[in-house]
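Peer 1: Structure for this input, please:
(chains A and B)
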Amino acid sequence: MAQPSVLTPQSDDFPRWYQDVVQKAEMADNGPVRGTMVIRPYGYAIWERIQRELDDRIKAAGAQNAYFPLFIPESYLHREAEHVEGFSPELAVVTHAGGDELAEPIVVRPTSETVIVEFMAKWIQSHRDLPLLLNQWANVVRWELRPRLFLRSSEFLWQEGHTAHASAEDASRYATLIHLEVYNDFLEQVLAVPTIVGIKPKSERFAGAVNTMTCEGMMRDGKALQLATSHELGQNFARAFNIVFQGDDGVSQHCHTTSWGASTRLVGGLIMSHGDDRGLRIPPRLAPWQVVVIAVRDDDEVTHGAREVARELLEAGVRSHLDSGRGSFGRRVTDWEIKGVPLRVEVGPRDLASGHITLVRRDSGEKITVERGEFVGRAREILDEMHDAFYADALAFRESRTTSVTSVDDALVAAQHGFARLDWDLVDEAAEARLKAEAVTVRCLVRRDGTLPQHEEEPNLVAYVAKSY
RNA sequence: CGGGGCGUAGCGCAGCUUGGUUAGCGCGCCUGCUUUGGGAGCAGGAGGUCCCGGGUUCGAAUCCCGGCGCCCCGACCA
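Peer 2: Below you'll find the predicted structure:
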């Protein structure tokens, strides 16, 4: 019965558990160059689901996809002082090409603000050209000192949105819309991860931004992970790249720009938000395969029965996968548990004879026996219920590890195992330095009612502090 | 880049202290048979630049010197 666990238990060594899951669920491998990542088919299927859900929401918010080059003239980076300062340490720079040294080095994009804004300047003349709402799906390179698969790799995949607006209010409104209706909606409604939606303090802001919003999630080890961010860039880039439009009053002025991104880090967030000692647990709306149909034996009758079951699920719009009966039953069950498929259907001679179907939930392990004729409907109901169960479970965990405190000392204690909430007024520069000395940072600032502040000078803000990835 | 750990078969490791047959073990892989309702069993088999370079020695996985790489913990970040 009690087998030695396949994975390192989370409580023994969380980072090790994470690596085990990534490996044994066949999500990814390390690439040959340090910090690079090979995303395997199962990991990529998850990413494709994430892409699909985000892309639909981005388009619903009015942005259009486009593509800008991987190579950026180094001089572009230098045009915005804070931007270049922020990214210089992690740039990969091409100095040679075509057998010669280049006159001007080329930077491999760490993010595309500079090229995209350069072209916005070319395309925007009039207020009638605004807002300009662009998004691209791309790879970017940031040379990482300490890489971890999905969480921090030197090359990663993401979407980066870039928009230009006539006024600061429009820019702010749009960045907030993206943040709430694209990112937070996806995180809660698809990834089933409850988030703290807030703004970054100045010390944690994106290089070149005037305001950075974040969705912070809590991982199963109590650490925070930034799952998505949206930036108001003010007129910083518009000035540096001369994006000027003529208003309806005939006056020329600089645009206000925004940028916003979410990356393959989300896959890491998925693993660490929901995973347990048996492996991954994928919330049903995200799962590439929502149901795996396991033929208990490798004989014609059972395999045929299982195939029928899988087919009926597919016809009902449930993403299902057939595991025909090769290999031992127990082994296959374990493998699918590691991969985190939400619902398992076991089809064997007994089920075929009795006219029943056995469903097993990955989240709770509960076995449910249903009539053959009703099982598709039941499966869909259970998948629906599971989304809420995933969310409630993650929320309960976060609440159990969030402590309200009234001093920086207490915050440091609480941050050893989770989030600490305290008045932002209590965190002056010296306090931030003290936190940082113990690897604790201010993750974000929120209003007392939990809503998103406009800026960090608002009175009565609450700070969430934690260790983070 | 600082602190710690480690490089031996695809993966995980033993062997190294005290140099000496043909370098082992578990898992995985291949073949066959028996199995299949919670990580299958038996039999046979394939698979190695012992991280790299140099040195000591009759002889080096083992000892010495120098590199490189990986992992964990920090500083930086999606």
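Peer 1: Contact residues of the stretch 351-469 of chain A facing RNA strand B?
Peer 2: Counting by CB under 7 Å from any atom of the strand, the positions of the stretch 351-469 of chain A adjacent to RNA strand B are A:351, A:352, A:358, A:360, A:365, A:436, A:439, A:467, A:468, A:469. (Each C-beta comes from the backbone N, C-alpha and C, glycine too.)
Peer 1: Of the residues you listed, just the buried ones, PyMOL syntax please.
Peer 2: This is the PyMOL syntax for the buried subset of those, where burial follows 16 or more other CB atoms under 10 Å:
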select buried, chain A and resi 351+352+358+360+467+468+469
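Peer 1: In JSON lines: the residues of the stretch 351-469 of chain A next to RNA strand B, plus distance to residue A:86, secondary structure and pLDDT.
Peer 2: Listed next are these as JSON lines, based on distance: CB to CB, whole Å; DSSP: H, G, I helix; E, B strand; the rest coil; pLDDT from 0 to 100:
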{"residue": "A:351", "distance to residue A:86": "59", "secondary structure": "helix", "pLDDT": "93"}
{"residue": "A:352", "distance to residue A:86": "62", "secondary structure": "helix", "pLDDT": "93"}
{"residue": "A:358", "distance to residue A:86": "54", "secondary structure": "strand", "pLDDT": "92"}
{"residue": "A:360", "distance to residue A:86": "48", "secondary structure": "strand", "pLDDT": "97"}
{"residue": "A:365", "distance to residue A:86": "46", "secondary structure": "coil", "pLDDT": "95"}
{"residue": "A:436", "distance to residue A:86": "17", "secondary structure": "helix", "pLDDT": "85"}
{"residue": "A:439", "distance to residue A:86": "20", "secondary structure": "coil", "pLDDT": "85"}
{"residue": "A:467", "distance to residue A:86": "22", "secondary structure": "coil", "pLDDT": "90"}
{"residue": "A:468", "distance to residue A:86": "18", "secondary structure": "strand", "pLDDT": "89"}
{"residue": "A:469", "distance to residue A:86": "19", "secondary structure": "coil", "pLDDT": "87"}
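Peer 1: Let me know the closest of the residues of the stretch 351-469 of chain A next to RNA strand B to RNA strand B.
Peer 2: Minimum distance to RNA strand B across these is 3.5 Å, recorded for residue A:439 (CB to the nearest atom of the strand).
Peer 1: where's that closest one relative to residue A:467, distance?
Peer 2: Residue A:439 sits at a distance of 6 Å from residue A:467 (criterion: CB to CB, to the nearest Å).
Peer 1: Tell me who's in contact with residue A:37.
Peer 2: Going by CB atoms under 8 Å, 6 or more residues apart in numbering, residue A:37 touches A:28, A:29, A:30, A:31, A:147, A:149, A:150, A:153, A:155, A:156, A:264.
Peer 1: let's see 6 Å
Peer 2: Under the criterion of CB atoms under 6 Å, 6 or more residues apart in numbering, the contact list for residue A:37 reads A:28, A:31, A:149, A:153.
Peer 1: Also residue A:343?
Peer 2: The neighbours of residue A:343, taking CB under 6 Å, 6+ apart as the test, are A:291, A:359.
Peer 1: how about the helices in the stretch 101-250 of chain A?
Peer 2: With DSSP state H, counting those that start in this stretch as the definition, the stretch 101-250 of chain A shows helices at residue ranges A:113-123, A:168-177, A:185-189, A:236-240.
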